[in-house]
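1. Structure of the sequence below:
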Amino acid sequence: MPLWLDPLQRLVEAGGSVLVVIALVAMVLFSLALERIWYFRITYRRARRALIRRWVSRDDHLTWSARTLREVWTRELIARLRRPLPWLKLLVALCPLLGLLGTVTGMIAVFDGLAMSETSQARAMADGVARATLPTLTGMAVAVVGLLFTSRLEYIIRREDQRLHDRLARAVEETDA
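-> Below you'll find the model as predicted:
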């Protein structure tokens, strides 16, 4: 076996194949999180500045149609910021379930091994239970970190929605003054 696959082999030995699935889900989850950070820091800010410039360059700011257009533009921009949120929530919810699956399959393997051997070995049982609970611990840890990020992202989205409306109103006031 190649040397670079050795950590993966130890991972499978320690917690089973479900632990590898949890690791893959965690990679996707954290990749989406990094993408959102990148999007917010670079792409969103550029789009926000462009939207403010477009709003200020309009002649009409006071009519109902102008305010409706402003609302549509802001909702469109915030929707792009919110786009991967359902996927993040799905992956966060999936992690503990995968951990539970790993624990159940691990416990089945432990009891199967004990049934095959005619002696009851407490040490083998303890090792098997420890191995079976590792996926639950991993699934919960990934879910907690993912939940913290998802909550933070929702807070940022709410804050940016309010700030965008404030900046649009302020930009018009500054040009009128």
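2. Flag the helix or strand of this protein with the lowest per-element mean pLDDT.
-> Taking all helices and strands of the chain together, the one with the lowest average confidence (mean pLDDT, DSSP states H and E) is helix 6-15, at a mean of 76.
3. ok, residues contacting it?
-> Residues from elsewhere that reach helix 6-15 (Cβ atoms under 8 Å, 6 or more residues apart in numbering): Met1, Leu19, Val20, Ala23, Gly102, Gly106, Arg131, Leu134, Pro135, Thr138. Just so you know, the C-beta spots here come from the backbone N, C-alpha and C atoms, and that holds for glycine as well.
4. before we move on, what about stretch 94-110?
-> Under the contact criterion Cβ under 8 Å, 6+ apart, stretch 94-110 has outside partners 15-16, 18-19, 21-22, 25-26, 29, 125, 128-129, 131-140, 142-143, 146.
5. which is the next helix or strand following the least confident helix or strand of the chain?
-> Proceeding C-terminally, helix 6-15 gives way to helix 17-38 as the next helix or strand, assigned by DSSP states H and E.
6. hang on, the earlier thing: out of the contacts of helix 6-15, which one has the weakest pLDDT?
-> In terms of pLDDT, the least confident member of the contacts of helix 6-15 is Met1, at 65.
7. that older thread, can you give me how far the least confident helix or strand of the chain is from the chain middle?
-> Per Cα atoms, centre = their mean, to the nearest Å, the displacement of helix 6-15 from the mean C-alpha position of its chain is 25 Å.
8. Spatially nearest residue to the residue most central in space within the chain (excluding sequence neighbours)?
-> Nearest residue to the geometric centre of the chain (Cα atoms, centre = their mean): Leu88, 3.6 Å. Counting by Cβ to Cβ, 6 or more residues apart in numbering, Leu88 lies nearest to Thr150, which is 5.0 Å off, once chain neighbours are set aside.
9. could you measure the one you found against Ala23, distance?
-> Noted for Thr150: a distance of 19 Å to Ala23, by Cβ to Cβ, to the nearest Å.
10. If you tally nearby residues, what's the number for Cys135?
-> That one is not Cys; residue 135 is Pro. Close neighbours of Pro135, defined as other Cβ atoms under 10 Å, add up to 29.
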